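Visitor: the following block contains a protein sequence and its predicted model.
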Amino acid sequence: MPGEKLTGWITAMVLGAWLWAVAGQAAGIEPAARSRSTIATVRGLPRNHIIQTPRVLIRGVVTYVHQSARALFIQDETAGSYVSFSLAASRGLWLNGGIPADVTAGVEVEIDGVIDPGGFSPPILPASIRVLGRKPLPAPQPIDPERFFTGADDSSLVEVEGLVQDVVSADQVIRLSLLVAGQPLLAEGPRDRFPADATSLINATVRVAGPAASVFNTRGEFIMPRIYIGRREWLEVVTPSPHEPFTSPHYAISDLAGFQLNPSAARQIRTEGVVIHAEPGRVIYLQSGAGGVRVKTRSTLPLQPGDEVEVAGFVERTGPVAGLTHGLVRSLGTGPPPRPIRIRPAEIILINQKAAEASLMAQPGDYQGCLVQFPARFIEAGKTAAGGGLVLAADQASVFATAPDRVLAALSGLEPGSDLMVTGITELGWTFDPSAWPPRLPTRLQLLLRSAADVQVLRTPSWWTPWRLTVLVGAIGLGLAATLGWVWLLRHELATQKNLLATEMHSRRDAALEFEATLTERNRLAANLHDTLLQTLGGIGFQLDACEGSRRQDEAEARLHFDVARRMVSHASNELHQSVWAMRTLPLGDESFPEALQTLTDRLAEGHTATVSVHASGAFTEIPDFVAGNLLLIMQEAVTNALRHGHPATITVNAEEHPLNQAVTLRVADNGVGFDPTAAATLAQGHFGLHGMRERAERLGGSLQIVSLPGLGTTVTAVVQTRDYDRQIGGAASAASINSEDLADDH
């Protein structure tokens, strides 16, 4: 509990002290915690110190209130400062709206605020302001040009004397453009601080006073001074304009900034010429003979090339050649569009180089600011810091032609390499080298294009540019390489197919020869068996019959034995006859393939209980004998295996011809006991049936498939190919077989 009471007392004391400080500040009591600084001390703080400790307390007299900017200038005995209420409000420091009504010029104020390091001369952002009473304004001090035109007198009351070059009226403010010690200066103030006809001040020498402000860029660099005229007595005409604008001294365009003994040449002067280009409210280009001039003006007088005008203005020496600024323009008459001077860029550069080397004026003129015309070749579109343009080649000279964006957009379709006739306003580019003579020498030419009509295409480039020719040659090369590659692949594919065809023909020829040789050997064996074994068996039967007649002692028993022997011999004879028939009937002879299938299956089924049926789909008129014979052998092996091992009730033989695919399918299916094909006897075990069927099918370019499961029967499917050249192969094989058979018979 004692600790809680102590904390409460401390909190109450702190709050009371804060309220006392606020009340004291409102009543005019200076806070003891912050000491007041002079404005010169604040302005002299290093920037890093301002960033770390920006809070300040200053006192000074208000010299000018800028209501539209919500800012004011104050000054003490050391320097002046700029106070911005608008910036303070944006930072959340000033919460009371605008500038307090009692804060006017001539009152002394105390400001508690912060320094903003972001401005040229760091401004004060007020958190509070206190009016202390009225106080006389400090006397404006005559400027030291060296200090003044570096911004050192920013926010202080100053007095300057200069020549009025232009007067601009905007709302309730008048702005003067002054020339002071050869430097530009802006002076502005409320309209009631100026004469009723403020334009009468043009070409007059005036003395102005007021707080100095600075025009600066975003890098914080000083550009030019500005003075705010806050009182009527702060504007005084020292020397009125000696004459009306268009009665001022007249100079030729070539003499605008020439040698003059009379210092009044800095005042307003006149010149005249023919308009070659005009941008109302901004600039006019005039030409007279071989010289031209650029006039900056706010005049909106509608002008066309060919118009004759008179201009009153002030000499401007900021460019490579003198121009006029703040020009007043009046028309003298109209005329035809000016004819451009036909001269090449290299000639203009050479004329000016020779004049510079001799330290003489160029004759008949320097052609700067003149309208000229010359042939050139378009190289490419380019960019400079000032904007875009066209890079041109004119003989030995390179020219950069600038133009407004709308003109460049209209010329965007130009093809590099086009021959052009170019018209434009010239501007020489000079190189400065103080170690050489002459120190300034013209080395390049720049051209201002007024419109797209200033560029006439004389000849478009040939379509056969080096780049396109390279692309075409490359495309032809790629096409030739692709063609050669395709030919190579085609030849390789043809060779591969030829080898495959030769291999297949060789295999089928071997199959045909083997088939014919097999038939020949079977026929020979059948003949031998018929001539030997059958006759022998017949002799045995005859002998047995003879024995039967001679042996009578035990007639019943002998007859029994002889009957058995006769039956055995008869059975052997029938079996041998059937084998011989099977061996001799594989050739089709006059039968069709389906008929041969039916004949062979009927023969194989004799003596068996199984039903064997044949189904053929197709004419089978184009199948050579060796193909049909191999299919018959495959069928014979499959049916024989089924009858011998499968014990089926039915066997179905299906043959299908596929003329479009040049193939024949033979399928033998039974409903026997089946078997496991993966466990079937192999060739290595001395069994040739399955292997022989598969080999016959493959040698005819086909395949053999055996599908069987124990208890579910067996299906053997053979697919063989037929070829257009099979009859030729079959004929050759038959001839070879006949020849070999004849040789065998001869032996």
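Guide: Arrived safely, thanks for sending.

Visitor: average model confidence for stretch 137-155?
Guide: Mean pLDDT, stretch 137-155: 94.

Visitor: ugh, wrong one, stretch 716-732
Guide: pLDDT averaged over stretch 716-732 gives 76.

Visitor: for stretch 72-82, same thing?
Guide: On average, stretch 72-82 scores 96.

Visitor: ditto for stretch 122-132
Guide: Rounded mean pLDDT across stretch 122-132 is 94.

Visitor: can you check stretch 50-64 too?
Guide: Computed over stretch 50-64, the average pLDDT equals 88.

Visitor: buried residues, it. List them.
Guide: 50, 54, 56-64 (16 or more other Cβ atoms under 10 Å). All C-beta spots, glycine's among them, are computed from the backbone N, C-alpha and C.

Visitor: how far out from the middle of the chain is that stretch?
Guide: In this view, stretch 50-64 has its centroid 55 Å away from the chain centroid, taken as Cα atoms, centre = their mean, to the nearest Å.

Visitor: going forward, begin numbering at 13 instead of 1
Guide: Done: numbering now begins at 13, and the last item shifts to stretch 62-76.

Visitor: tabulate the CA atom coordinates of it in PDB.
Guide: Output of stretch 62-76 as PDB, limited to C-alpha atoms (Å, rounded to 0.1, in the frame of the first residue of the first chain):
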ATOM      1  CA  ILE A  62      19.200  18.700 -37.700                       C
ATOM      2  CA  ILE A  63      18.100  15.100 -38.300                       C
ATOM      3  CA  GLN A  64      19.000  14.000 -34.700                       C
ATOM      4  CA  THR A  65      17.800  17.000 -32.700                       C
ATOM      5  CA  PRO A  66      15.300  19.000 -34.800                       C
ATOM      6  CA  ARG A  67      13.400  20.800 -32.000                       C
ATOM      7  CA  VAL A  68      14.000  24.600 -31.700                       C
ATOM      8  CA  LEU A  69      12.600  27.700 -30.100                       C
ATOM      9  CA  ILE A  70      13.200  31.000 -32.100                       C
ATOM     10  CA  ARG A  71      11.900  34.600 -31.900                       C
ATOM     11  CA  GLY A  72      11.700  37.100 -34.700                       C
ATOM     12  CA  VAL A  73       9.600  39.700 -36.500                       C
ATOM     13  CA  VAL A  74       7.300  38.700 -39.400                       C
ATOM     14  CA  THR A  75       8.400  40.300 -42.600                       C
ATOM     15  CA  TYR A  76       5.900  38.700 -45.100                       C
END
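
Visitor: before we move on, back to that, so which of the buried residues of stretch 62-76 sit within helices?
Guide: Judged by DSSP state H, these include Ile62 as members of helices.

Visitor: doesn't Ala101 make contact with Ala83?
Guide: No - applying Cβ atoms under 8 Å, one finds Ala83 not in contact with Ala101, separated by 11.2 Å.

Visitor: these two: which has the busier surroundings?
Guide: Ala83 (20 against 17; other Cβ atoms under 10 Å).

Visitor: beta partners for the more buried one?
Guide: Per DSSP bridges, the residues bridged to Ala83 are His78, Ser96.

Visitor: for it, what are its contacts?
Guide: Ala83 is in contact with 94-98, 111, 135, counting by Cβ atoms under 8 Å, 6 or more residues apart in numbering.

Visitor: do you know the pLDDT at Leu273?
Guide: 71.

Visitor: returning to what we had before: now, which of the contacts of Ala83 sits nearest Trp475?
Guide: Ser98 (63.7 Å; Cβ to Cβ).

Visitor: I figured that closest one was touching Gln79, is that so?
Guide: No - applying Cβ under 8 Å, one finds Ser98 not in contact with Gln79, separated by 10.9 Å.

Visitor: higher neighbour count, the two?
Guide: Remark: of Ser98 and Gln79, Ser98 carries more neighbours, 16 against 10, as counted by other Cβ under 10 Å.

Visitor: tell me the SS of that one?
Guide: Assigned with DSSP: H, G, I helix; E, B strand; the rest coil, Ser98 falls in the helix class.

Visitor: and the residue lying closest to it once chain neighbours are set aside, its phi and psi?
Guide: In space, and not counting its chain neighbours, Ser98 is closest to Arg82: 4.0 Å by Cβ to Cβ, 6 or more residues apart in numbering. Note on Arg82: backbone dihedrals following degrees, to the nearest 10 are phi 50, psi 60.

Visitor: how near is Arg82 to Asp114?
Guide: Distance of Arg82 to Asp114, computed by Cβ to Cβ, to the nearest Å: 16 Å.

Visitor: just for this protein, where's the confidence low?
Guide: 13-46, 65, 274-278, 396-398, 477, 520, 525, 527-601, 692-700, 739-759 (pLDDT under 70).

Visitor: and the residue nearest to Ser98, what is it in contact with?
Guide: 96-98, 101, 110-111.

Visitor: can you tell me which two in those residues are farthest apart?
Guide: Maximum distance among the contacts of Arg82 (Cβ to Cβ): 12.0 Å, for Ser96 and Gly110.

Visitor: isn't Ala264 right up against Ser300?
Guide: Yes - contact criterion Cβ under 8 Å: Ala264 and Ser300 qualify, at 6.7 Å.

Visitor: the two: who's more crowded?
Guide: Ser300 (18 against 14).

Visitor: now for the more buried one: which residues touch it?
Guide: Applying Cβ under 8 Å, 6+ apart, the residues contacting Ser300 are 264-266, 284-286.

Visitor: and these, which is closest to Ser47?
Guide: Ile265 (64.2 Å).

Visitor: the closest one: neighbour count?
Guide: 23.

Visitor: would you turn the contacts of Arg82 into JSON lines with distance to Glu392?
Guide: Below are the contacts of Arg82 laid out as JSON lines (distance: Cβ to Cβ, whole Å):
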{"residue": "Ser96", "distance to Glu392": "49"}
{"residue": "Phe97", "distance to Glu392": "54"}
{"residue": "Ser98", "distance to Glu392": "49"}
{"residue": "Ala101", "distance to Glu392": "52"}
{"residue": "Gly110", "distance to Glu392": "56"}
{"residue": "Ile111", "distance to Glu392": "57"}
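
Visitor: ok, so of those residues, who is nearest Ala290?
Guide: Ser98 (40.1 Å).

Visitor: of all the residues in the host helix or strand of Ala368, which ones are buried?
Guide: Secondary structure from DSSP states H and E places Ala368 in helix 357-369. Judged by neighbour count (16+ other Cβ under 10 Å), helix 357-369 contains these buried residues: 357, 360-361, 363-365, 367-368.

Visitor: likewise stretch 327-339?
Guide: Quick answer for stretch 327-339 (16+ other Cβ under 10 Å): 327-328, 332-339.

Visitor: can you tell me which two in the contacts of Ser300 are farthest apart?
Guide: Largest separation among these by Cβ to Cβ: Ser266 and Val286, giving 14.3 Å.

Visitor: list the contacts of Asp156.
Guide: Applying Cβ under 8 Å, 6+ apart, no residues contact Asp156.

Visitor: again with the one 10 residues further on
Guide: When the contact criterion is Cβ under 8 Å, 6+ apart, the partners of Asp166 are 92, 94, 132-133, 224-226, 237.

Visitor: correct me if wrong: Pro473 contacts Leu432.
Guide: No - Pro473 lies out of contact with Leu432 (Cβ under 8 Å); the separation is 11.2 Å.

Visitor: which one's more surrounded, these two?
Guide: Between Pro473 and Leu432, counted using other Cβ under 10 Å, the more crowded position is Leu432 (22 against 13).
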